[in-house]
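Visitor: coords please:
(one chain, ligands or ions: 1)
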Amino acid sequence: MPELPEVETVARTLAPQVCDCVIENSHVLRPGSIHSLSCPMRSLHGRRIMGTGRRGKLLLLDLYPVTTPPQAPHCLIMHLRMTGRVMTWPEGTRPGPHTRCIWDLRTPQGTQRRLFFDDTRAFGLVLAAAPDALQRWAFWRQLGPEPLDLSPQEFIAVLANRDARIKAVLLDQKAVAGIGNIYADEGLFRARIAPDRRASSLTGAEAVRLLQSLQEVLRLSIAQCGSSIRDYRDANGDVGAFQNSFAVYGRSGQPCTVCGRILSKTRVAGRSTVFCQHCQR
Ligand SMILES: [Zn+2]
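Guide: The predicted structure is shown next:
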């Protein structure tokens, strides 16, 4: 599933393709891919895409009315989940077998483009939100802080009094937003912390080391346009390269890059987890 670096990469690669474009029309090909809290897609027609962004694992497009003075933006939100993919195509491009939604865009040059949301497994969701709608969405309201913005003191406070395993806390989007199985395992390995430790058992120094490690792997991955496992692609259709730098994810049974011992595989928080029993304590 695309995590923080992958969605950040999609937002960055999508921006030059859609910014300043006006949404002229929309086509919902699979109503089940539209979030139940979404306002009708036609409410976005005539709005200009002013920017792309990300919150946790959610891709955001900010939309302003073309004619009236600046006001709070509507937002088009896409949750890519397992296999969601966002790309633009030339005018006239037909939907593919897994295309769930299409928006017709008019570029600043007056030409036409089509923005596609494709999703093979169809777990992804699209939500058109008026400015006040986001606060009615419990998932959004409860999203934890962005890990790249967290200070050590804030991260220590996130972990304090949490009895859950540290990996479970990292995966909990209400605790920290945007981290999934890849970056939890990679961050814990880099910080030399065992994934099944109780979060509240981490010392202040260990918490600081873990935050620094998470931020390092997230930034390194963003710099390499994310990790392409299965079918993740950015908005240019390109694969990321960070999967070539994995120290533990997907490497169970292979030697630890630090100590050379064989990496172990277990389950933590219901998720497959790879770690080094010697290096991570
Ligand atoms: Zn090791």
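Visitor: burial count for residue 113?
Guide: 18 (other Cβ atoms under 10 Å). The C-beta positions use only the backbone N, C-alpha and C, and glycine is treated the same way.
Visitor: again with the one 4 residues further on
Guide: Residues lying near residue 117 (other Cβ under 10 Å) number 26.
Visitor: skip the chain neighbours and tell me the closest residue to it.
Guide: Leaving aside its sequence neighbours, residue 117 sits nearest to residue 101 (Cβ to Cβ, 6 or more residues apart in numbering; 4.4 Å).
Visitor: contacting residues for the one you found?
Guide: Contacts here follow Cβ atoms under 8 Å, 6 or more residues apart in numbering; on that basis residue 101 touches 26-30, 33-34, 41, 116-117, 126.
Visitor: and what of residue 164?
Guide: Listed by Cβ under 8 Å, 6+ apart, the contact partners of residue 164 are 172, 198-199, 269.
Visitor: report the two of the contacts of residue 101 separated the most.
Guide: Farthest pair in the contacts of residue 101 (Cβ to Cβ) is 34 and 116. Separation: 14.8 Å.
Visitor: tell me who's in contact with whichever residue of the stretch 51-200 of the chain sits closest to the ion.
Guide: For the stretch 51-200 of the chain, the residue closest to the ion is residue 189, as judged by Cβ to the ion, at 8.2 Å. If a contact means Cβ under 8 Å, 6+ apart, then residue 189 has 247-248, 275-276, 279-280 as its contacts.
Visitor: for residue 223, same thing?
Guide: Applying Cβ under 8 Å, 6+ apart, no residues qualify as near residue 223.
Visitor: now do the phi/psi pair for it.
Guide: Residue 223 has phi and psi values of phi -60, psi -20 when expressed as degrees, to the nearest 10.
Visitor: write out the residues of the chain neighbouring the ion.
Guide: Taking Cβ under 5 Å from the ion as the criterion, the neighbours of the ion within the chain are 256, 258-259, 276, 278-279.
Visitor: what does the model give the closest residue to residue 266 other than its chain neighbours for pLDDT?
Guide: In this structure, residue 266 finds its nearest non-sequential neighbour in residue 273, 5.3 Å apart by Cβ to Cβ, 6+ apart. Residue 273 carries a pLDDT score of 98 in this model.
Visitor: so residue 273 touches residue 280, yeah?
Guide: No. Residue 273 is beyond contact range of residue 280, at 10.5 Å (criterion: Cβ atoms under 8 Å).
Visitor: tell me where the model's unsure across this structure.
Guide: 68-71 (pLDDT under 70).
Visitor: now the strands: where do they sit in it?
Guide: Counting by DSSP state E, the chain has strands at residues 22-28, 47-55, 58-65, 74-79, 84-90, 99-106, 112-119, 125-129, 264-268, 271-275.
Visitor: between the second one and strand 84-90, how many degrees?
Guide: Pointing back at strand 47-55 there. Strand 47-55 runs at 150 degrees relative to strand 84-90, counting by axes from the mean of the first three to the mean of the last three Cα atoms, to 10 degrees.
Visitor: list the helices and strands strand 47-55 packs on?
Guide: Applying 3 or more Cβ pairs under 8 Å, 6 or more residues apart in numbering; DSSP states H and E, we find strand 47-55 packed against helix 4-18, strand 22-28, strand 58-65.
Visitor: how far away from the center of its chain is the longest one?
Guide: Between the centre of helix 4-18 and the centre of its host chain there is 10 Å, according to Cα atoms, centre = their mean, to the nearest Å.
Visitor: residues making contact with that helix?
Guide: Here helix 4-18 has contacts from 2, 49, 51-54, 56-61, 80, 86, 88, 105, 113, 115, 147-148, 177-179, 183, 218, 221-222, 225-227, 232, 234-236, 238, 240, 242, using Cβ under 8 Å, 6+ apart.
Visitor: and the residues you listed, which are buried?
Guide: Among the contacts of helix 4-18, those buried by neighbour count (16 or more other Cβ atoms under 10 Å) are 2, 49, 52, 54, 56-61, 80, 86, 88, 105, 113, 115, 147, 177-179, 183, 218, 221-222, 225-227, 232, 234-235, 240, 242.
Visitor: what residues are up against the most centrally placed residue in the chain?
Guide: The residue lying closest to the centre of the chain (Cα atoms, centre = their mean) is residue 57, at 2.4 Å. By Cβ under 8 Å, 6+ apart, residue 57 lies in contact with 1-4, 7, 79-80, 173, 177-178, 180.
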